[in-house]
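*Asks:* Need a 3D model of the following:
(chains A and B)
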Amino acid sequence: MKVANLKYVALSLVIASAFAHAGEIKKDEDTVYKPSGKGFGVVDSEATEKAKRFATKQARVSASKIVYHGGPVMTNPTKLYYIWYGNWASYTKAQQILVAFGSGIGGTPAYNVNTSYTSSTGAKVVNNVQLAGQYSDNYSKGKALSDQNILDVVTAAITSNSLPNDPNALYFVLTSPDVSETSGFGTQYCGWHSNANIGANNVKYSFVGNATTIAPSGCGVNNPSPNGDGGADGMASVMYHELSETVSDPDGNAWYDGSGNENGDKCAWNFGTTFKATNGATANQTFASRQWLLQQMWLNVGTGSCVQKY
Amino acid sequence: MKKIALFLSTVALLMSVPMTSIAQAATHGTGVLTQTRYVRLFGELEAELLKIAEAHDGVRVDQMLASTFEVRKANGDVIPRADWIKQMMENPHPEHNRTISKLIVYEIGAHAVANFNISSTDKKRGLFVVDVWAPENGQWVLRARIESDLPR
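*Replies:* All right, here's what the predicted structure looks like:
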């Protein structure tokens, strides 16, 4: 056995220790993190330097309390636009479920949690969400999508005037079970949100895939599920997550904690108290004449907490 | 031979340069993600494995490893289960200040396959690691660990 190889006997001993950092960031008192796009934070160098230089109570950012970083918050009524990507024609049950979600989430006690987030002027997120339009994309970018492809799909829907260019909206790209997103759908994430300039507007958009094929357990595809379609029910919870993060932190510079977690991240896969749905599934919300299993959301009141409603 | 290997491992350890231990998350090209349950779950399991190794809790380490667990190296070397546990108990931190990155977890049937890069802070050394987790009697156990050098 070569010495060089034997070094890796030693290396193997520390692998488990390295795992301790998986999915989270080890931090010292003053290191500050911002959303990374991996569900956990990256070091915010500027903020960290500032915090370390002026290590006062005011300068330090708590890892648990969600903090405002000065960026815009979506305080107007929010419109949703769905882009059905792939083959949904034979999967209309899922479409009906997700249309019910988008049409019904606004005005609920669940979504009202997001009214605890304010802009720099003190304006609150309003409990008003409308599903304002839908568009179908028949695999224009194939079945293996990159992040850029997702933006391209949104851009095409807008520039073709199939959907309006609306800065007060969130565009959901919803992919059918046979479509993959190559940057980590199912292995790292179940969905994500982002923003980009399209035309004259800063457009907010989100990818949420149907994980029935690629990650049924990892992305919450339950059987039974409250509406009888595990893929769609799993997507609904992820959409609630992304919608809530988008209105409170649309550009990634508004509300997040010292670890880079936004309001949805802080309560991901935390469902709170549940009840048995009429079909025997586990549920925790009722709206739009349906029952749902949605993750809890971070209430930005006092020290904050994960709650089902507000 | 195993004693020699352990001795040389210790020497390699002593030769390693201490560095600060701060994990750095990789960035995504676009937005902010909803982490999968599995990334969260297996991050927690590995954290537990670390914790119990630090506490020299050989009983719990034994429970977390499948009876057929082994570590397999890219050159074909194999570290049997008992030897790995012994190493973990003797020194769970032979080198400090490593950075883990690119953690992903594949869901393959009932199994979960976690993989990631681990590298020294100075980026001079690194490994690509694959962990295979399997359900067994209502809990997850680590079935195998496979690792190889990262290109320098």
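*Asks:* Grab the nearest non-local neighbour of residue B:48.
*Replies:* In space, residue B:48 comes closest to residue B:64 once its chain neighbours are excluded; the distance is 7.3 Å by C-beta to C-beta, 6 or more residues apart in numbering or on different chains. C-beta: built from backbone N, CA, C; applies to glycine.
*Asks:* what helices or strands is the lengthiest helix in chain B leaning on?
*Replies:* The single longest helix within chain B, with elements called by DSSP state H, is helix B:37-54. Secondary-structure packing of helix B:37-54 (3 or more C-beta pairs under 8 Å, 6 or more residues apart in numbering or on different chains; DSSP states H and E): helix A:3-19, helix B:58-64, strand B:98-108, strand B:111-120, strand B:126-136, strand B:139-149.
*Asks:* can we see that at 6 Å?
*Replies:* With contacts defined as 3 or more C-beta pairs under 6 Å, 6 or more residues apart in numbering or on different chains; DSSP states H and E, helix B:37-54 has these neighbours: helix A:3-19, helix B:58-64, strand B:98-108.
*Asks:* ok, and for it, which residues are buried?
*Replies:* The neighbour-count check on helix B:37-54 (16 or more other C-beta atoms under 10 Å in any protein chain shown) flags B:37-43, B:45-50, B:52-53 as buried.
*Asks:* For the residue of the stretch 151-300 of chain A at minimum distance from chain B, grab phi and psi.
*Replies:* Here the stretch 151-300 of chain A gets closest to chain B at one residue, residue A:194, 2.9 Å apart by C-beta to the nearest C-beta. Dihedral angles of residue A:194 (phi, psi; degrees, to the nearest 10) stand at phi -160, psi -180.
*Asks:* ok, what's across the strand from it?
*Replies:* Legend: beta-bridge partners of residue A:194 under DSSP bridges are residue A:205.
*Asks:* With residue B:146 instead?
*Replies:* Beta-bridge partners for residue B:146, by DSSP bridges, are residue B:72, residue B:130.
*Asks:* isn't it right next to residue B:71, touching?
*Replies:* No - with contact defined as C-beta atoms under 6 Å, residue B:146 and residue B:71 do not form a contacting pair (7.6 Å).
*Asks:* More neighbours: which of the two?
*Replies:* residue B:71 (24 against 16; other C-beta atoms under 10 Å in any protein chain shown).
*Asks:* could you give the mean pLDDT of stretch A:284-300?
*Replies:* Mean pLDDT, stretch A:284-300: 98.
*Asks:* Work out the gap between that stretch and the centre of the chain.
*Replies:* 15 Å (C-alpha atoms, centre = their mean, to the nearest Å).
*Asks:* List the buried residues in it.
*Replies:* Buried residues in stretch A:284-300, counting neighbours by 16+ other C-beta under 10 Å, are found at A:284-288, A:290-300.
*Asks:* same thing with stretch A:225-241?
*Replies:* For stretch A:225-241, the buried set under the neighbour-count rule, 16+ other C-beta under 10 Å, comprises A:225-227, A:229-241.
*Asks:* Of the residues you listed, which pair is most distant in space?
*Replies:* For the buried residues of stretch A:225-241, the farthest-apart pair by C-beta to C-beta is A:229 and A:241; their separation is 18.4 Å.
*Asks:* how many neighbours does the residue nearest to residue B:48 have?
*Replies:* Around residue B:64 there are 21 other residues, counting by other C-beta under 10 Å.
*Asks:* again with residue A:185
*Replies:* 25.
*Asks:* Any idea what it is bridged to?
*Replies:* For residue A:185, the beta-bridge partners are residue A:189 (DSSP bridges).
*Asks:* And it, how far from residue B:148?
*Replies:* Distance from residue A:185 to residue B:148, counting by C-beta to C-beta, to the nearest Å: 26 Å.
*Asks:* Quick check: phi and psi on the residue nearest to residue A:292 when sequence neighbours are not counted?
*Replies:* Nearest in space to residue A:292, with sequence neighbours left out and distances taken as C-beta to C-beta, 6+ apart, is residue A:285 at 4.3 Å. Residue A:285 adopts backbone torsions of phi -140, psi 150, taken as degrees, to the nearest 10.
*Asks:* The one 5 residues further on too?
*Replies:* The phi/psi pair for residue A:290 (degrees, to the nearest 10) reads phi -140, psi 170.
*Asks:* quick one: contacts for it?
*Replies:* A:100, A:227 (C-beta atoms under 6 Å, 6 or more residues apart in numbering or on different chains).
*Asks:* And for residue A:108?
*Replies:* Contact analysis of residue A:108 by C-beta under 6 Å, 6+ apart lists residue A:287.
*Asks:* so what's it scoring on pLDDT?
*Replies:* 98.
*Asks:* swap in residue B:126?
*Replies:* Predicted confidence (pLDDT) for residue B:126: 78.
*Asks:* cool, and residue A:143?
*Replies:* 98.
*Asks:* Spatially nearest residue to it, not counting backbone neighbours?
*Replies:* Of all residues not flanking residue A:143 in the chain, residue A:179 sits nearest, at 5.2 Å (C-beta to C-beta, 6+ apart).
*Asks:* Can you give me the neighbour number for the one you found?
*Replies:* With other C-beta under 10 Å as criterion, residue A:179 counts 22.
*Asks:* With residue A:110 instead?
*Replies:* Residue A:110 - counted by other C-beta under 10 Å - has 24 other residues nearby.
*Asks:* what separates it from residue A:129, distance-wise?
*Replies:* 11 Å.
*Asks:* May I ask which helix or strand encompasses the spatially most central residue of chain A?
*Replies:* In chain A, the centroid-proximal residue (C-alpha atoms, centre = their mean) is residue A:242; its distance is 2.9 Å. In this structure, residue A:242 sits in helix A:230-248 according to DSSP states H and E.
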